[in-house]
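Novice: Need coordinates for the below:
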Amino acid sequence: MLLPHAPSSVAVARQHLCAQLLASDVLKSTVDDAAVIVSELLSNALRHARPLASGQVRVAWNRQGDVVEVSVSDGGSSTEPRRGRPTLSSLGGRGLGIVESLADCWGIRHEEEGSGGAISRVTTVWALLQVDSPTASTGQIASGAPQADVAGHPTANLLHDSR
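Specialist: Okay, here's the model as predicted:
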């Protein structure tokens, strides 16, 4: 979903994500974690990155079996998104630490998109969560550092024993 590069987009994204995940039989505890993750990723994009060429940000989520991928795409910034190490008195810098503690893994991918000679850089920060649902199988997300295929797409190869 494309949303304005504005703080009000965080609530809109959370509402849509929660409604769709609850409707797809994901337990509320997992939905709550996904909502916090999308809030942190989107807040970081709004604070630290440029909008996409359209002037918006893209928020997406996808359930694939027992895994939900949540992602936020923006026009990038002069620095790479990274987990901060804030002091106790710091007012910010905890967003990706929160994502890291709630998600099974997270990462970044860079792409170019556009047509007609107008190519723009897109940065996507993604996170994966194991789905808790009454019908979930016992598949696991591989632990350790985020892994992705050559194009930076995580869900294709982070599952094992989930078939």
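Novice: I'd like to know which helix or strand in the chain has the lowest mean pLDDT.
Specialist: strand 159-160 (a mean of 36; mean pLDDT, DSSP states H and E).
Novice: Contact partners for residue 46?
Specialist: 5-7, 9-10, 57 (Cβ atoms under 8 Å, 6 or more residues apart in numbering). To be clear about C-beta, it is placed using only N, CA and C from the backbone, and glycine gets the same treatment.
Novice: got it, and residue 70?
Specialist: Residue 70 makes contacts with 17, 34, 37-38, 41, 60-61, 126-127, 129, as judged by Cβ under 8 Å, 6+ apart.
Novice: biggest helix in this structure by residues?
Specialist: Secondary structure of the chain per DSSP state H: the longest helix is helix 28-48.
Novice: could you point out which element follows that helix?
Specialist: strand 56-64 (DSSP states H and E).
Novice: what lines up beside that next one in the sheet?
Specialist: Strand pairing for strand 56-64, determined by DSSP bridges: strand 2-4 (antiparallel), strand 67-74 (antiparallel).
Novice: and the longest strand along the chain, which strands flank it?
Specialist: For the chain, the longest strand by residue count, based on DSSP state E, is strand 118-130. Using DSSP bridges, strand 118-130 pairs in its sheet with strand 67-74 (antiparallel), strand 105-115 (antiparallel).
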